[in-house]
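would you be able to build a 3D model of this:
(one chain, ligands or ions: 1)
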Amino acid sequence: MDALQTLDISSWTGPFAEDQRRDAIAALESGCVLFLPRLPFALRPEEAPLLTPDLFSGRAKNISLDPSGKLKHASRETSALQAMMQRFASSAVSLVSGLFPGYAATLERARTSYRPVEIAGRKQSPIHDDTRLHVDAFPTRPMRGRRIMRLFSNVHPGDVPRVWNVGEPFADMAAKILPRVKPSSAAANWFRAATFQTRGLRSPYDDMMMGLHDNAKLDMDYQRATPKTEIRFPPGTTWLCYTDQVMHAALSGQFVLEQTFHLDVAAMGEPARAPIRVLEKMTGRSLA
Ligand SMILES: [Fe+2]
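Here you go, the predicted structure:
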């Protein structure tokens with residue numbers, strides 16, 4: 001299986017041809033990155049001043065926009081920044097609901113982020129270091145099996161690509177790392193939820209995914225030896241994947257917009273491909 005599947009579309013708005021929709025969902029759910037080389041997110045001339053790392057406050061990882069419209073981690077409140085991120089979010093919703101009409105009923109638009117800082121050489125603790133291969137997992141927001149899909153556009157004004165590594169298939173990674181993941185403690189999860197450290201009760205699935213995330217990042221032998229493919233996403237291109245399934249590492253690049261979606265497993269074309277179903281098959285028990 002190729003890590004990348006190219007889709008030749010040039011509009012954020014459907015309708016899209018039936019064969020394009022069929023290819024897109026098959027590739028996405030099987031763990032490919034869907035690459036849209038002819039789909040730029042075009043900034044407006046008045047948005048050019050937003051292409052500066054100075055807009056980032058330095059706290060958290062990125063500037064983010066809640067679906068409610070609340071901007072976080074920007075160094076200053078700018079309505080232009082908010083408007084650009086809002087427009088990107090609307091474009092992303094339009095594309096994803098047009099390409100995956102079966103998802104529409106339970107697709108949840110989550111956070112939008114703007115990543116104006118060069119990521120190569122950024123100092124992060126090993127657990128927060130996204131230049132190491134990992135699957136996404138949320139420490140404070142229990143997903144209980146729901147999917148995490150992310151869509152990215154490189155809006156760099158020059159010729160600087162976003163460079164990723166993509167690793168081995170989810171099941172191969174889990175077969176190696178899962179035996180090392182410590183079982184969760186129901187009492188500790190209850191305490192975290194009761195003291196509002198987590199937004200609701202974490203399921204065994206959430207603990208397992210966090211364990212896979214942390215153990216893979218901390219294992220430098222795994223990081224070195226695991227098979228990986230380098231992908232360069234040029235400016236003016238868009239890509240998306242299930243980041244809870246695709247082992248990915250963002251190595252370098254600057255000025256990327258990202259939209260996160262959450263989705264019920266039942267809405268998938270092939271629910272058996274969801275990480276929760278793969279892990280339940282491996283462990284022989286229900287995880288959420
Ligand atoms: Fe990630």
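
contact partners for the nearest residue to residue 203 once chain neighbours are set aside?
Counting by Cβ to Cβ, 6 or more residues apart in numbering, the nearest residue to residue 203 once its immediate chain neighbours are dropped is residue 288, at 4.1 Å. For every residue, glycine as well, the C-beta is placed using N, CA and C. The contact partners of residue 288, by Cβ atoms under 8 Å, 6 or more residues apart in numbering, come to 144, 145, 203, 204, 205, 206, 276.

please repeat the previous calculation with a cut-off of 7 Å.
144, 145, 203, 205, 276 (Cβ atoms under 7 Å, 6 or more residues apart in numbering).

helix/strand/coil for the last one?
This points to residue 276. Of the three states, residue 276 takes helix under DSSP: H, G, I helix; E, B strand; the rest coil.

show the model's pLDDT score for it.
Looking at residue 276, its pLDDT reads 98.

count of neighbours near it?
Using other Cβ atoms under 10 Å, residue 276 has 24 other residues around it.

do you know how far it is from residue 181?
Residue 276 sits 15 Å away from residue 181, taking Cβ to Cβ, to the nearest Å as the criterion.

what's the answer for residue 120, then?
Distance, residue 120 to residue 181, by Cβ to Cβ: 30 Å.

who's more crowded, the two?
A count of neighbours by other Cβ under 10 Å puts residue 181 above the other of residue 120 and residue 181, at 18 against 11.

which ones are touching the more buried one?
Applying Cβ under 7 Å, 6+ apart, we find residue 181 in contact with 208, 211, 212, 215.

which among those end up buried?
Among these, the ones that count as buried by 16 or more other Cβ atoms under 10 Å are 208, 211, 212, 215.

in the one helix or strand residue 172 maps to, which residues are buried?
According to DSSP states H and E, residue 172 maps onto helix 170-177. Along helix 170-177, these residues count as buried under the neighbour rule (16+ other Cβ under 10 Å): 170, 171, 173, 174, 177.

now the second one: closest residue in space that isn't a chain neighbour?
What it means is residue 171. Nearest residue to residue 171, sequence neighbours excluded (Cβ to Cβ, 6+ apart): residue 278, at 5.3 Å.

let me know whether the one you found touches residue 172 as I believe.
No: applying Cβ atoms under 7 Å as the test, residue 278 and residue 172 come out as separate, 10.5 Å apart.

backbone dihedrals for the closest residue to residue 11 other than its chain neighbours, please?
Among residues not flanking residue 11 along the chain, residue 39 sits closest, at 7.5 Å (Cβ to Cβ, 6+ apart). Main-chain torsions, residue 39, degrees, to the nearest 10: phi -120, psi 90.

residue 39 against residue 236, yeah?
No: under the criterion of Cβ under 7 Å, residue 39 is not in contact with residue 236, lying 8.5 Å apart.

now do the buried residues in the helix or strand bottoming out on mean pLDDT in the chain.
One helix or strand of the chain scores below all others by mean pLDDT, DSSP states H and E: helix 186-194, with a mean of 77. Judged by neighbour count using 16+ other Cβ under 10 Å, the buried positions of helix 186-194 are 189, 192.

same question, stretch 260-273
Quick answer for stretch 260-273 (16+ other Cβ under 10 Å): 260, 261, 262, 263, 264, 265, 267, 268, 273.

ends of that stretch, how far apart?
End-to-end distance of stretch 260-273 (Cα to Cα, to the nearest Å): 19 Å.

again with stretch 234-242
So stretch 234-242: terminal residues 20 Å apart, Cα to Cα.

quick one: low-confidence residue ranges for this protein.
Low-confidence segments of the chain, defined by pLDDT under 70: 1.

quick one, phi/psi of the residue nearest to residue 230 when sequence neighbours are not counted?
Leaving out its chain neighbours, the residue that sits closest to residue 230 by Cβ to Cβ, 6+ apart is residue 165, at 5.6 Å. Dihedral angles of residue 165 (phi, psi; degrees, to the nearest 10) stand at phi -110, psi 140.

list the residues that contact residue 165.
Residue 165 neighbours (Cβ under 7 Å, 6+ apart): 133, 228, 229, 230, 249, 251.

mind redoing it with 6 Å?
By Cβ atoms under 6 Å, 6 or more residues apart in numbering, the contact set of residue 165 is 228, 230, 249.

more neighbours: residue 39 and residue 236, which one.
Neighbours of residue 39 and residue 236, each counted by other Cβ under 10 Å, are more numerous for residue 39; the result is 19 against 16.
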